[in-house]
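K.L.:
Here is a sequence with its predicted model. Questions after.
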Amino acid sequence: MTLTELASPAELAAFKTSNANALICYSATWCGPCRASKPQLEALAAEYAAGGVVRVAIAYEHNLGESVQADNVKAFPTYALFVDGTERGRVEGANFDKIRQMVGAAGCQKVIPGVGHSLGGGVGEAPLSPQAAREARLAKLGAPAPAPVPAAAPAPAEDSKPAASAAAEDDASKDVEMKDASDAAAAAAAAPAADADVSMADAEDKKEAEEEKEVEMVDPTESLNKEHIETLTSAMGFTLLRAQKGLLNGNGGTVEGAVEWLDQHSEDADIDGPIALVPKNAGVAQSYKCNDCGKILSSMANLELHANKTGHSDFEESTVAVKPLTAEEKKAKVAEIKALLKAKRAEREEEEKKQNIQLEKQRRFMGQEVSKTREELEREQRKREAMFRKKEKEAAKRERERLRAELAKDKLERQANKGKLKTALGADGYNPSAIQYDVGGSGDGTSPAPAKKFKADPQKIDEYIKKVSSYRAGGDGQKCLKILLAYIGNVVDKPDEEKFRTINMENKAFKTKVKPFLGAKALLVAVGFKQTEAGDALVLKEDAARDTLKETKDKLEKAYASY
């Protein structure tokens, strides 16, 4: 690895002495800026290792113990440069530009042996000045170096120079003039390039200064409440360092939060360690971070939109500033969102079309099923009505047959009794009474004979009920059973009420639904009712058997249910 981790004070001392150029980072595991800047430190270590300049190591305060105080480390992270075992400089805070400047100022840059040379020159030769280069070129041409010409010196006579010497001097002068022109052009071309280099260097220095300004480190304890610190140190006895840590890490920066935090972390190994510097804007929340997916959100509106869309609920404030979009980026983002919305809209319309088709199929299917069900119900209703009419016809037929049998019986009785019947004809026609009365002795029916006392046998209660149930025409037998059940049920359920112990025989219900049917009045007499002397009512006897009344009630309920 290019970044060496030192696990003990001994390894730290050996690393300082065994390397000519050693850069050591004093760090802490609990330090946020230390953790955030470690990738940059690893990249710097790889860069220096590739160039063979400096070896880089990191030492954590929990491994060094009191060696941190011996090395006078006051903040984390702290970067110290050692040259031949001697400290040559240090940088507090994660400012890697200052670290590079510190390494460069200490002379730790790798030096390449030898110097450059110009075209046509020898290796290792120093560059010549323009005057020296001109004299060298004249020497190669065999011409003497020109001496400075005094201003008052007269020009020599032309005829005193030999012809050959004059020709050679002219050629040499032309050559020198051409070389001088080329040197001047080269110098003129080099001047703008030098100016451009200076401008670029200035721009780089300005950029580095801005970057240094952006990552300015500050002491987080400067913003703490002085009154809270005074309370924790003077009134509660905490040390200044612990009071500051409690306020920094406690809940809400209050005294209560600080005391709670100190109570929980009083046994920590680094409780008395120095407080690390933080970036200037580290404590200012500039955005929000989703802990579920790691996305950085610039505003609360974007946070709510993200939460509604993804269902994430774990968020926290972040000091990372979200870079605003440029006009081109905004335009591209809007176009992307419009395209996405268009695709979503088309997808939704297609899905709605499929759903509408499916709903229409279901509607038609349900309509067909409802129609089939309605037809089936109507068919069943017609069947029931036809069956009911058939039953009515059969009941009417049976009633006619019964009446014919009664008429035949009466005919035979007249023949046997010389044209007399034991029954009486009512005003409504043939209507045999449940109790038979004798006609007066004269036989003309002008004066009825005294009524005979009617006796009923309790042993024949089932027979009386059967007779009443035999009346089927129009449900008359069922109606009679209902009235009898009401008479006897009232007496059984409410024996103390006097009104239920008397039955009015002149009542329309009794005259139309009880009296005309054979066995009805006999049933009432059998259970304990007796007719009054006036013959207009039935009264329950005092000694009527309660068990007989209850049993008769149960039998009437069964007969009524099975009618």
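P.N.:
On my side now, so go ahead.

K.L.:
Flag the helix or strand of this structure with the lowest per-element mean pLDDT.
P.N.:
In the chain, the helix or strand scored least confidently by mean pLDDT, DSSP states H and E is helix 163-214, which has a mean of 46.

K.L.:
Give me the sheet partners of the helix or strand that that helix is followed by and which way each runs.
P.N.:
Reading on from helix 163-214 to the C-terminus, the next helix or strand found by DSSP states H and E is strand 217-218. With DSSP bridges as the test, strand 217-218 is paired with strand 278-279 (antiparallel).

K.L.:
Using CSV, write out every CA atom in the following helix or strand past the partner strand.
P.N.:
Later in the chain than strand 278-279, the nearest helix or strand by DSSP H and E is strand 287-290. Extracted in CSV, the C-alpha atoms of strand 287-290 (Å, rounded to 0.1, in the frame of the first residue of the first chain):
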residue,chain,number,x,y,z
SER,A,287,-29.2,20.3,1.9
TYR,A,288,-30.9,17.0,3.0
LYS,A,289,-29.7,13.5,2.6
CYS,A,290,-31.8,10.3,2.2
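
K.L.:
packing partners for strand 287-290?
P.N.:
strand 296-297, helix 300-310, strand 315-318 (3 or more C-beta pairs under 8 Å, 6 or more residues apart in numbering; DSSP states H and E). The way it works is simple: take the backbone N, C-alpha and C, and place the C-beta from them, glycine included.

K.L.:
Can you tell me the SS state at Ala534?
P.N.:
What DSSP: H, G, I helix; E, B strand; the rest coil gives for Ala534 is coil.

K.L.:
Run a quick neighbour tally on it.
P.N.:
Counted with other C-beta atoms under 10 Å, the neighbours of Ala534 add up to 7.

K.L.:
Repeat that for Ser67.
P.N.:
18.

K.L.:
Quick check: what element follows the helix or strand hosting Val491 along the chain?
P.N.:
In the assignment (DSSP H and E), Val491 maps to helix 476-493. Later in the chain than helix 476-493, the nearest helix or strand by DSSP H and E is strand 502-504.

K.L.:
Apart from its neighbours in sequence, what residue is nearest Lys455?
P.N.:
Val525 (7.5 Å; C-beta to C-beta, 6 or more residues apart in numbering).

K.L.:
pLDDT score for that neighbour?
P.N.:
Val525 is assigned 90 on the pLDDT scale.

K.L.:
what sits against it?
P.N.:
Phe454, Lys455, Ala456, Gln531, Leu538 (C-beta atoms under 8 Å, 6 or more residues apart in numbering).

K.L.:
For it, pull up the helix or strand it's in.
P.N.:
Counting by DSSP H and E, Val525 is part of helix 520-526.

K.L.:
How many residues are close by Arg242?
P.N.:
Arg242, neighbours per other C-beta under 10 Å, totals 19.

K.L.:
rewinding a little: nearest to Asp71 among the contacts of Val525?
P.N.:
Checking these against Asp71 with C-beta to C-beta, the nearest one is Leu538 at 126.3 Å.

K.L.:
quick one, what contacts the closest one?
P.N.:
Contacts of Leu538 (C-beta under 8 Å, 6+ apart): Thr502, Ile503, Met505, Lys521, Leu524, Val525, Phe529, Lys530, Gln531, Thr532.

K.L.:
check contacts around Lys482.
P.N.:
Tyr560.

K.L.:
Tell me how far the nearest residue to Tyr471 once chain neighbours are set aside lies from Lys409.
P.N.:
Nearest residue to Tyr471 in three dimensions, chain neighbours excluded: Gly477, at 3.5 Å (C-beta to C-beta, 6+ apart). Using C-beta to C-beta, to the nearest Å, one gets 20 Å for the distance from Gly477 to Lys409.

K.L.:
Look up phi and psi at the residue positioned nearest the centre of the chain.
P.N.:
Geometric centre of the chain, nearest residue: Gly311, 3.2 Å, by C-alpha atoms, centre = their mean. Dihedral angles of Gly311 (phi, psi; degrees, to the nearest 10) stand at phi 80, psi 10.

K.L.:
The top helix by length along the chain to helix 476-493, inter-axis angle?
P.N.:
Of all segments of type helix in the chain, defined using DSSP state H, the longest is helix 327-416. Helix 327-416 runs at 100 degrees relative to helix 476-493, counting by axes from the mean of the first three to the mean of the last three C-alpha atoms, to 10 degrees.

K.L.:
what's the offset of helix 327-416 from the middle of its chain?
P.N.:
With C-alpha atoms, centre = their mean, to the nearest Å as the basis, helix 327-416 stands 43 Å off its chain's centre.

K.L.:
What residues of stretch 219-231 count as buried?
P.N.:
For stretch 219-231, the neighbour count (16 or more other C-beta atoms under 10 Å) marks Pro220, Leu224, His228, Ile229, Thr231 as buried.

K.L.:
I'd like to know which of those residues is nearest to Lys354.
P.N.:
Using C-beta to C-beta, these come closest to Lys354 at Pro220, 60.0 Å.

K.L.:
does Trp30 count as helix, strand or coil?
P.N.:
Criterion first, three-state DSSP; result for Trp30: coil.

K.L.:
Now it, what are its backbone angles?
P.N.:
Per degrees, to the nearest 10, the backbone of Trp30 is at phi -90, psi 0.
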